[in-house]
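Predicted model and sequence follow; I will ask about them next.
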Amino acid sequence: MIDTYCSGCGAKIQNKDDTLPGYISDELRESKPDEELVCQRCFRIRNYSDNFRYQVSNREFLDVVSKIKNEDALIVKIVDIFDFSGSFVPAIKTLTNKEDVLLVGNKVDLLPKNVKYKKIISWLKLMLKNQGFSVLDSVLVSAKYGDNFDELMRLIYKYKGKRNVYIVGSTNVGKSKIINQILKRYLGVASDIVTESVSPQTTIGLIGFNLLDGSIIYDTPGVINKHQYMHYLSRKSYKLTYPQKEVKPLVFQLNEEQTLFFGGLARLDIISGETCDVINVVTYFSNKLNIHRTRTNNADRLYKDKLYSLLSPPTSIDERLPKWVYHEFRIRDNQKYDVVFSGLGFVTLRAPFCIRAYAPFVVGVYTRLAII
Ligand SMILES: Nc1nc2c(ncn2[C@@H]2O[C@H](COP(=O)(O)OP(=O)(O)OP(=O)(O)O)[C@@H](O)[C@H]2O)c(=O)[nH]1
Ligand SMILES: [Mg+2]
């Protein structure tokens, strides 16, 4: 019997275990043509927003990688522009052996409207250079609103020639949403076909669709990267942490020896001796995240007493974030900088300053020239 696959997540269709992806009862299976089969897990994610966490096994993942490795194809690598260091997986280069990669920065809609695309692109290029990574081209898009998709398609057709295309990247960067947008905008499909969800590892196998020239564009399962808050928080906490829409600025006037807490997920201290007087700190985080100001000499005690309540998310003791470390940035020129907590948000402030930025050690924390 020929294997069939779920059109929503790419899992192999099975009738044995309803707790695993790909499950369809025999009655349902008989009632539909193979290409329209959607497994129970996909049905529930789509209709009830169920949280079915499933870890794609090494075997499932290696199957995908070996297919890509053995084929001369165009790789389109997606990163989450709001979580570059969490979603950029350099290993993809060695996994696929491919040099010709098109880089797509997705979720630009989360950044404030007045951000300059040019500045983001130059920052992206710098980050890639630091990683020793070269790409054919890069483009910023929003899969949510379809922004810049004409440019994305132009670049895909420009670089692919007659080859197939694989959309790759870490979990939750929006690969499936990008595929759905392409299907709806350019291939005449009326509604979403591939399953998307806020939970990691929604896509399980390869899902291919014919492009107009007969080549195939594939959605692929995402790589898990433990450098993201998502893997340590409950779904409820993650929804408070990760912005669902454009981040709005808040302005704080801070003195030296003052601290901001971003929920219980990160912290920023203004260190004495560098800042002239009061410093304006503009914060860009999820509108649902509590930002709390305190004196630095009170900060450790507050964290101990108020984590999970005033300082939340995390909302429960079961959400064990990795140990915090701090990164000290002492900058003496007079330019504006962003201090970025990857996957959480960023603050903008004008140098000179000396600050300490605290976050779980797995989370990327760095400065860049302000993008606004
Ligand atoms: N704001 C915003 N959210 C997006 C965008 N693209 C995707 N998302 C959201 O990000 C989450 C993950 O999207 P998916 O398309 O399922 O991500 P994926 O990369 O396919 O994830 P896996 O299948 O787990 O590898 C969903 O909640 C999407 O709605 C975007 O452009 N903007
Ligand atoms: Mg997916």
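Done, it's in. Ligands and ions are numbered 1, 2, ... in the order given.

Low-confidence ranges, this protein, go.
Under the criterion pLDDT under 70, the flagged ranges of the chain are 1, 90-99, 274-276.

got the contact list for L240?
G263, S286, K288, L289, S312, P313, T315 (CB atoms under 8 Å, 6 or more residues apart in numbering). For glycine as for every other residue, the C-beta is placed from the backbone atoms N, C-alpha and C.

Now flag whichever of those is closest to ligand 1.
S286 (11.1 Å; CB to the nearest ligand atom).

burial measure for the nearest residue in space to the closest one that is not next to it in sequence, as a count.
Using CB to CB, 6 or more residues apart in numbering and skipping the chain neighbours, the partner closest in space to S286 is P243 (4.1 Å). Neighbour count for P243, taken as other CB atoms under 10 Å: 23.

V64: which element?
helix 58-69 (DSSP states H and E).

ok, and for that helix, which residues are buried?
Within helix 58-69, the residues scored as buried using 16 or more other CB atoms under 10 Å are E60, F61, V64, V65, I68.

hmm, the helix or strand following that helix touching ligand 2?
Of the helices and strands lying after helix 58-69 in sequence (DSSP H and E), the nearest is strand 74-80. No - Strand 74-80 does not reach ligand 2 (CB under 5 Å from the ion); its nearest approach is 10.0 Å.

for the stretch 251-372 of the chain, what spans make up the strands?
For the stretch 251-372 of the chain, the strands defined by DSSP state E, counting those that start in this stretch cover 258-262, 266-270, 279-285, 291-295, 324-331, 336-341, 345-350, 353-360, 365-369.

packing partners for the third one?
The criterion is 3 or more CB pairs under 8 Å, 6 or more residues apart in numbering; DSSP states H and E, and the helices and strands that strand 279-285 contacts are strand 248-254, strand 258-262, strand 266-270, strand 345-350.

Equivalent analysis for the fourth one, please.
Counting contacts by 3+ CB pairs under 8 Å, 6+ apart, strand 291-295 is packed against strand 248-254, strand 258-262.

Next, whatever residue of the stretch 201-350 of the chain ends up closest to ligand 1: phi, psi?
Proximity of the stretch 201-350 of the chain to ligand 1 (CB to the nearest ligand atom) peaks at G222, 2.3 Å away. When read as degrees, to the nearest 10, the backbone of G222 gives phi -80, psi 150.
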